[in-house]
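Student: need the 3D shape of this:
(one chain, ligands or ions: 1)
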Amino acid sequence: MTPPPSTRHYWLPIPDSSQCSGTRHAFRGPRWEGEHTGTTVCGQEVAMAKPSEMDWICHPTCPSCYDTLKLEQR
Ligand SMILES: [Zn+2]
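Tutor: Sure thing, here's the model as predicted:
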C-alpha cells in the first residue's frame, strides 16, 4: 500500500539569519535527503540545513504550511 500523496510530507526548521529565529516549514516528500535548497508547502524557496535541537524547540510551525496540509488531508 502506497500512502496517498497528501500524506507524503515532512517538517524541517528553517532558520533566519539571526539565531533562534525561524520557522518550521513543511516540504513535499517522505523525508529530507540532504538537499541544500527546497520549496516549502507554502511556496517559498529556502536554504536547508541540518536542524539542531534548538531549532526544533525555537521555531514555530508555519501557519501557511499547516493550513495547506490540513485542507489537503480532509
Ligand atoms: Zn511554510
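Student: which stretches of the protein form helices?
Tutor: Counting by DSSP state H, one finds helices in the chain at the ranges 53-58, 63-72.
Student: give me the neighbour count for the closest residue to T68 other than its chain neighbours.
Tutor: Closest residue to T68 in three dimensions, ignoring its sequence neighbours and counting by CB to CB, 6 or more residues apart in numbering: V41, at 5.1 Å. (Glycine included, C-beta is placed from N, CA and C.) Neighbour count for V41, taken as other CB atoms under 10 Å: 19.
Student: what does V46 give?
Tutor: Other residues near V46 come to 16 when the count uses other CB under 10 Å.
Student: bridging residues for it?
Tutor: G38 (DSSP bridges).
Student: for it, which residues are in contact?
Tutor: Contacts for V46 were tallied using CB atoms under 8 Å, 6 or more residues apart in numbering; they are I14, H25, T37, G38, T39, T40.
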